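Q: sequence-free structure coming up:
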């Protein structure tokens with residue numbers, strides 16, 4: 001059936017048919033029963049005849065459809081009969097008559113309800129009038145009574161004020177104000193308007209008389225003392241008059257009391273100079289003592305007149321200080337600034353402690369909300385740049401390793417320069433089993449003393465500046481500290497890693513520079529200490545600084561820079577290890593494998609190689625505090641040693657079978673040494689797994705070389721089993737390493753191509769594909785552990801490429817790295833869950849760098 005043959009039924013019609021036939025569209029099982037514009041006959045036929053075998057049931061399907069058609073026809077006839085009965089004209093007329101009767105009854109009910117409402121209204125009309133009359137009468141009586149009370153209260157108030165009975169007048173005035181408020185809406189009535197005017201007049205007379213009483217009290221003659229009890233009672237009247245009257249009287253008293261202060265301490269007089277600021281505070285203390293002993297008991301406690309005196313004194317003094325500081329200009333010295341500011345903050349703290357309330361609360365309670373009074377110490381804020389500049393100059397002395405280390409701020413026992421700590425070794429220096437002391441028997445410091453002194457000074461200046469200001473000045477100090485942290489890393493630590501030029505060592509010399517190792521370990525410890533303490537410094541600054549600067553405070557870039565210094569120091573250690581191993585690898589590269597005819601044990605160069613590796617590792621493990629850096633170093637050292645071993649192996653070709661067999665033994669000894677190198681505390685499964693994978697590939701390479709080329713098929717099959725590729729160039733590398741003559745190589749290569757073509761399971765490449773047959777003399781440092789977090793390089797070993805071992809290195813391990821932790825440069829310097837005390841004890845900063853003072857000599 002095509003879509004053009006379909007009849008589109010309205011959705012509303014379909015819904016009505018469903019309701020009439022009591023059909024639920026969601027529960028229809030037979031698709032022929034569904035009424036929808038999306039009916040598809042082809043889909044129905046496919047359901048009835050899903051395959052060719054079902055066509056055999058055609059007659060049964062036709063019979064079922066015919067039965068359905070008959071039943072539907074019967075149902076249609078039955079519905080038509082029912083519809084005909086429902087459409088009978090006589091029945092419709094009967095229904096219409098019934099509807100008319102119902103409407104008539106509703107109309108009669110509505111009429112009767114209206115009549116009942118009118119009757120009830122007539123019955124209650126008199127009652128409503130009586131209720132209204134009662135309400136009006138009650139209101140009138142209450143108003144007249146209040147009117148009488150107001151008149152009596154006004155007369156009584158006038159008498160009490162005239163007789164100066166202020167205690168009683170306060171209560172009467174409160175009653176007058178409360179009663180008169182009820183007549184505010186009746187001021188259009190002439191009598192009420194006159195009474196209201198009288199109330200305002202009497203209130204004004206009361207205020208004028210109270211003002212006169214307080215003025216006389218403020219300016220009283222000492223020979224004619226006013227009764228204090230009378231003023232105390234008058235204070236109660238002032239409270240009733242309102243807060244504005246109270247504020248006016250207090251301000252008048254404060255102005256009279258501080259009038260002499262303004263006269264004595266003018267900004268242009270000697271007494272008003274900055275160096276005489278202590279006299280200002282002493283004068284106010286005397287004034288406050290006089291006020292508390294003589295007049296303060298007159299005023300109610302809630303007036304807090306002492307707070308008002310202090311607030312006005314602060315406002316006047318702050319203006320004077322701002323003027324004096326601005327006039328001083330460049331002549332203002334740091335000493336005078338700090339002494340004046342210290343005296344000011346101490347005075348403000350003493351007043352705050354005296355009243356057991358914060359300074360801001362005192363100032364805000366006794367000043368206008370629209371123009372709050374600022375503390376006196378805030379006047380120094382624009383001039384604290386002098387303090388910040390002084391800190392910049394002092395820290396410059398600390399940051400330079402050849403300076404005097406800022407003697408006023410350090411322990412004399414820590415005195416010493418970096419040159420004395422990292423004194424280069426003599427030409428005949430040899431590695432020692434322990435570096436607990438230098439050649440003079442002095443204990444080796446763990447960090448540079450200048451770093452501990454730097455942070456010690458930072459803590460002092462931070463605490464001092466926070467006491468002076470937590471706003472712009474502290475943010476400027478943060479900028480200074482941030483700048484000098486960068487300078488310390490770039491101009492003090494990094495130059496320490498730049499070793500001066502020394503004569504080239506003999507190629508077979510297995511010695512290493514112990515002083516160089518001490519120097520690099522010292523740099524690692526110092527840089528780590530600096531980056532961890534820098535995080536504590538950042539937290540402490542955020543804790544103290546104003547809220548608007550908190551988001552701008554960060555030392556992350558400086559901490560990253562210290563991590564770069566650590567990376568450079570580790571690279572220097574690897575460079576020293578590579579130099580120390582140079583003799584052994586040179587001896588390996590010069591071996592002529594055609595001379596020996598049997599293998600008796602590992603080679604002589606292996607002893608020197610293992611010895612120097614173990615000695616370098618032991619000394620670094622002993623000197624570096626953070627063991628994660630040791631793990632990172634061992635990772636890279638392992639990669640470096642195996643790379644140089646592979647390069648030397650390639651240079652010594654042809655290896656012959658005897659050479660490969662000898663190298664297998666040497667590799668086993670070297671592998672055993674590298675596996676034991678971390679020890680139990682530093683060894684990880686990732687390190688062991690990666691090292692084993694690399695050495696296994698080297699062993700496979702040597703085992704192929706050990707295999708005789710005759711028969712050729714056996715040699716080639718051994719190659720495919722051990723190497724596992726079908727690469728023509730890789731197989732030729734094996735032949736070159738083995739030293740196979742060119743004449744034999746051609747036949748072997750042909751046989752290899754023939755056999756490899758039949759082994760489809762072989763890969764096209766292997767680890768030999770990137771094997772460099774002409775390796776460079778030096779290499780950059782690799783890591784067998786392939787730590788997921790690597791230190792950024794700032795100083796690389798001497799030249800070169802990745803070397804031959806690049807192909808042998810394993811991919812990054814899935815487990816924890818053997819080098820740095822995954823925290824990277826964001827590490828917190830403390831274990832999770834451990835509470836970090838930041839600058840709580842300032843001596844703690846120095847103790848880490850001064851352990852040499854407590855170590856036995």
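A: Happy to help now that I have it. For clarity, every value in this text was computed on a predicted model and none was experimentally measured.

Q: which secondary structure elements does the helix or strand harbouring residue 699 sit against?
A: Assigned by DSSP states H and E, residue 699 falls within helix 685-706. On a contact count with 3 or more CB pairs under 8 Å, 6 or more residues apart in numbering; DSSP states H and E, helix 685-706 meets helix 627-651, helix 656-676, helix 712-722, helix 728-738. No exception for glycine: its C-beta is placed from N, CA and C like everyone else's.

Q: among the ones you listed, which is the most enclosed?
A: Among the helices and strands packed on helix 685-706, helix 627-651 has the highest mean neighbour count (mean count of other CB atoms under 10 Å), at a mean of 25.

Q: just checking, what packs against the helix or strand residue 112 falls within?
A: Residue 112 belongs to helix 89-162 when assigned by DSSP H and E. For helix 89-162, the elements it packs on are helix 166-180, helix 190-218, judged by 3+ CB pairs under 8 Å, 6+ apart.

Q: tilt between that helix and helix 166-180?
A: 150 degrees (axes from the mean of the first three to the mean of the last three CA atoms, to 10 degrees).

Q: just to revisit the earlier point, mind checking which of the helices and strands packed on helix 685-706 is nearest residue 155?
A: helix 627-651 (93.5 Å; CB to CB).

Q: mean confidence score for the helix or strand encompassing residue 479?
A: Here residue 479 sits within helix 472-487, counting by DSSP H and E. Averaged across helix 472-487, the pLDDT comes to 87.

Q: by contact count, what packs against whatever helix or strand comes next after it?
A: Counting by DSSP H and E, the next helix or strand C-terminal to helix 472-487 is helix 494-497. Contact partners of helix 494-497 among helices and strands, from 3+ CB pairs under 8 Å, 6+ apart: helix 514-544, helix 556-589.

Q: list the buried residues of the shortest one.
A: Judged by neighbour count using 16 or more other CB atoms under 10 Å, the buried positions of helix 514-544 are 514-542, 544.

Q: next: stretch 597-607.
A: Buried positions in stretch 597-607, judged by neighbour count with 16+ other CB under 10 Å: 602-603, 605-606.

Q: now stretch 263-276
A: Buried positions in stretch 263-276, judged by neighbour count with 16+ other CB under 10 Å: 265, 272-274.

Q: for it, measure first residue to last.
A: Terminal residues of stretch 263-276 are spaced 15 Å apart (CA to CA, to the nearest Å).

Q: quick one: contacts of it?
A: With CB atoms under 8 Å, 6 or more residues apart in numbering as the test, stretch 263-276 has contacts from 279-280, 283, 320-321, 323-325, 327-328, 336, 339-340.

Q: same check, this time on stretch 356-369
A: With CB under 8 Å, 6+ apart as the criterion, stretch 356-369 contacts 304, 307-308, 310-312, 314-315, 348-349, 351-352, 355, 372-375.

Q: 6 Å instead?
A: Residues from elsewhere that reach stretch 356-369 (CB atoms under 6 Å, 6 or more residues apart in numbering): 307-308, 311, 348, 352, 372-373, 375.

Q: tell me the mean pLDDT for it?
A: Averaged across stretch 356-369, pLDDT comes to 84.

Q: please apply the same query to stretch 651-668.
A: Stretch 651-668 comes out at a mean pLDDT of 91.

Q: buried sites along stretch 579-599?
A: Residues of stretch 579-599 classed as buried: 579-589, 591, 593 (neighbour count, 16+ other CB under 10 Å).

Q: go on, stretch 315-323?
A: By neighbour count on 16+ other CB under 10 Å, the buried set for stretch 315-323 is 315-318, 320-322.

Q: what's in contact with stretch 525-543?
A: With contacts defined as CB under 6 Å, 6+ apart, stretch 525-543 is touched by 446-448, 451, 455, 478, 493, 550, 553, 555, 558-559, 562, 565-566, 625-626, 829, 838-839.

Q: just for the stretch 701-850 of the chain, where's the confidence low?
A: For the stretch 701-850 of the chain, residues meeting the criterion pLDDT under 70 lie at 778-850.

Q: same thing but at 90, please
A: Counting by pLDDT under 90, the stretch 701-850 of the chain has low-confidence residues at 709-712, 724, 738-745, 756-757, 759-763, 765, 767-850.

Q: one step back: of all the helices and strands packed on helix 685-706, which lies closest to residue 67?
A: Closest of the helices and strands packed on helix 685-706 to residue 67 is helix 712-722, at 76.0 Å (criterion: CB to CB).

Q: which strands or helices does the closest one pack on?
A: Under the contact criterion of 3 or more CB pairs under 6 Å, 6 or more residues apart in numbering; DSSP states H and E, helix 712-722 touches helix 685-706, helix 742-758.

Q: mind putting those helices into TSV with mean neighbour count and distance to residue 297?
A: TSV is the format used below for those (neighbours: other CB atoms under 10 Å; distance: least, CB to CB, whole Å):
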stretch	mean neighbour count	distance to residue 297
helix 685-706	20	81
helix 742-758	14	113
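
Q: picking that back up, in helices, which of the contacts of stretch 356-369 appear?
A: 307-308, 311, 348, 352 (DSSP state H).

Q: let me know the closest of the residues you listed to residue 251.
A: residue 308 (7.3 Å).

Q: still on that earlier bit, possible to save the buried residues of stretch 315-323 as CSV with secondary structure?
A: Formatted as CSV, the buried residues of stretch 315-323 follow (DSSP: H, G, I helix; E, B strand; the rest coil):
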residue, secondary structure
315, helix
316, helix
317, helix
318, helix
320, helix
321, helix
322, helix
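
Q: for residue 234, which non-adjacent residue is spatially closest?
A: Computed as CB to CB, 6 or more residues apart in numbering, the closest residue to residue 234 that is not its neighbour in sequence is residue 166, at 4.6 Å.
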